[in-house]
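Asks: take this sequence and fold it.
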Amino acid sequence: MTALLAAERTALSLLPAPLLRTLPAAVAENVRRVRAGTGARIMAVVKADGYGHGAVAVARAAVDAGAEWLGVTDVAEAAALRDAGLTERILSWLNPAGVDAVEAAAHGVDIAVGSVEELRRLVADAESPLRVHLHLDTGMSREGCPLDDWPELLRVARQGRGRVEVVGVMGHLPCADEGDPRANEAAVLRMRQARDAVLRAGFGPLLVHLAATAGALTDPATHFDLVRIGAGLVGIDPSESIALTGASRFTASVVHSSSVPAGTPIGYGRTHLTTRPTCLAVIGVGYADGIPREVGEGASVEIGGARHPLVGRVSMDQIVVDTGDALFPRGTTATVFGPEGGAVPSVQEWARWAGTIPHTIVTGIGARVQRSIA
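Replies: Have a look, this model is predicted:
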């Protein structure tokens, strides 16, 4: 009996872990889609581990498709790209823990500077010329230097020549997701004013950039010299106006199945009762793996070529789906989302079911979900 139990435990341990498969061909197709609509250079923004898809994999696919720049959150992310052999220009612009000027210069990383105080510190710390992009607040009051402080920022930059080299001017579009160029006219005007002031101060040539994915896809007036594509790389258009290609497939296994009568309660809190005799499949993913705990009507996964709805509450490690007359054996693959369409849900659908945006779905995939590249 002991040997039999050991054999059963071994068999039960063989199910594959949940898997997020990154599809570089889709990333490349999305870069080409952006390229077809702009004459500006393309920066592939791969912060948040490439929007959950693997920063190095996404960066390589984007560069192979024509991206000339890479964008990251901090110097540590940039260093990881350098360690992977990527040699393109890299810009780091959030830098929540501050900037080690010496490390940034050593890795050849450009730094965005959004305040007079930040620039003064970089001038004081730099041991060799550090390339900087002056970051303008274009109307969000979230980051960037207010236009009223721009003259002082330029004065500090002039004093710091030899330690910092101004090579760019950047900002963000407050309302690009609306897909309406009129919503961003004020931001475009501010950017032109800031750029002109930098040029009058004797700096240049400059790389001017304002648009991220939505602006790049919907408003040519925002393109300037470069557009920054982040969510768009993995198939997300925040303006929901252009069809891009999903760049990942999230799968997991059926870990338990059963046939139950009508009136069977499901999950914590008994929030769902079956209304008819049916089959249930337990899928080995939950909110610890990135499945939103609060999902609305319609949330489903694909199994066996058909959609099957989630029933009951999402648990930390499991979800339950109603599979009707089909009893799927343990080990059957369920697709949570993917690019195929049809029965396979999309990331955008999961975002609607959870009342959120697609960005939170792909960046929320948990660490225990294995990653692979196809």
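
Asks: please count neighbours and contacts with C-alpha atoms only from this point.
Replies: Fine.

Asks: how far does the helix or strand where Arg21 lies sit from the chain's center?
Replies: Using DSSP states H and E, Arg21 falls within strand 19-22. Here strand 19-22 is found 14 Å from its chain centre; the criterion is CA atoms, centre = their mean, to the nearest Å.

Asks: regarding the nearest residue to Arg195 once chain neighbours are set aside, what is its secondary structure?
Replies: In this structure, Arg195 finds its nearest non-sequential neighbour in Val169, 6.5 Å apart by CA to CA, 6 or more residues apart in numbering. Classification of Val169 using DSSP: H, G, I helix; E, B strand; the rest coil returns strand.

Asks: quick check: bridge partners of Val169?
Replies: Leu134, Val208 (DSSP bridges).

Asks: show me the contacts for it.
Replies: 133-136, 194-195, 206-209 (CA atoms under 8 Å, 6 or more residues apart in numbering).

Asks: and the longest strand for the protein?
Replies: Criterion DSSP state E: the longest strand present in the chain is strand 248-260.

Asks: counting contacts, what elements does that strand pack onto?
Replies: strand 19-22, strand 278-283, strand 333-337 (3 or more CA pairs under 8 Å, 6 or more residues apart in numbering; DSSP states H and E).

Asks: who's in contact with the first one?
Replies: The set of residues that contact strand 19-22 without belonging to it, under CA under 8 Å, 6+ apart, is 53-54, 57, 247-252, 369-374.

Asks: farthest-apart pair in those residues, please.
Replies: Ala57 and Ala252 (21.6 Å; CA to CA).

Asks: okay, buried residues for stretch 148-162 please.
Replies: Within stretch 148-162, the residues that qualify as buried are 150, 153-154, 156-158, 160, counting by 16 or more other CA atoms under 10 Å.

Asks: can I get it in CSV, CA atoms only?
Replies: What follows is stretch 148-162, C-alpha atoms only, in CSV (Å, rounded to 0.1, in the frame of the first residue of the first chain):
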residue,chain,number,x,y,z
ASP,A,148,7.4,77.6,-15.5
ASP,A,149,10.6,75.9,-14.2
TRP,A,150,12.0,75.2,-17.6
PRO,A,151,14.3,78.3,-17.7
GLU,A,152,15.9,77.3,-14.4
LEU,A,153,16.3,73.7,-15.7
LEU,A,154,18.1,75.0,-18.8
ARG,A,155,20.3,77.2,-16.7
VAL,A,156,21.4,74.2,-14.6
ALA,A,157,21.9,72.2,-17.8
ARG,A,158,24.2,74.9,-19.2
GLN,A,159,26.2,75.1,-16.0
GLY,A,160,26.5,71.3,-16.0
ARG,A,161,27.9,71.0,-19.5
GLY,A,162,30.8,68.5,-19.5
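
Asks: and the contacts of that stretch?
Replies: So stretch 148-162 is in contact with 115-116, 119-120, 123, 128-129, 164-166, 194, 198, 201, going by CA under 8 Å, 6+ apart.

Asks: in helices, which of the residues you listed appear?
Replies: 116, 119-120, 123, 194, 198 (DSSP state H).

Asks: and the two most separated of the residues you listed?
Replies: Val123 and Ala194 (20.7 Å).

Asks: got the domain boundaries for this structure?
Replies: 10-17+246-373, 24-234 (automatic domain parsing).

Asks: okay, now the unreliable bits of the stretch 51-200 of the chain?
Replies: For the stretch 51-200 of the chain, no stretch has pLDDT under 70.

Asks: just so I have it, where are all the helices in the stretch 251-374 of the chain?
Replies: For the stretch 251-374 of the chain, applying DSSP state H, counting those that start in this stretch gives helices covering 347-354, 358-363.

Asks: tell me which of those lies nearest to Val63.
Replies: helix 358-363 (21.1 Å).

Asks: returning to that earlier point: make JSON lines out of the contacts of Val169 and add neighbour count and distance to Arg270.
Replies: Shown next, in JSON lines, are the contacts of Val169 (neighbours: other CA atoms under 10 Å; distance: CA to CA, whole Å):
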{"residue": "His133", "neighbour count": "25", "distance to Arg270": "55"}
{"residue": "Leu134", "neighbour count": "29", "distance to Arg270": "55"}
{"residue": "His135", "neighbour count": "26", "distance to Arg270": "52"}
{"residue": "Leu136", "neighbour count": "28", "distance to Arg270": "52"}
{"residue": "Ala194", "neighbour count": "25", "distance to Arg270": "59"}
{"residue": "Arg195", "neighbour count": "22", "distance to Arg270": "60"}
{"residue": "Leu206", "neighbour count": "15", "distance to Arg270": "61"}
{"residue": "Leu207", "neighbour count": "16", "distance to Arg270": "58"}
{"residue": "Val208", "neighbour count": "24", "distance to Arg270": "56"}
{"residue": "His209", "neighbour count": "25", "distance to Arg270": "52"}
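
Asks: of the residues you listed, closest to Glu178?
Replies: Scanning the contacts of Val169 for proximity to Glu178, where the rule is CA to CA, the winner is His209, at 19.1 Å.

Asks: give the contact list for the closest one.
Replies: 168-171, 222-228.

Asks: quickly note the distance from the residue sitting nearest the centre point of the chain to Glu77.
Replies: Computing the C-alpha centroid of the chain and ranking residues by CA atoms, centre = their mean puts Tyr51 first, at 2.4 Å. Taking CA to CA, to the nearest Å as the measure, Tyr51 falls 13 Å from Glu77.
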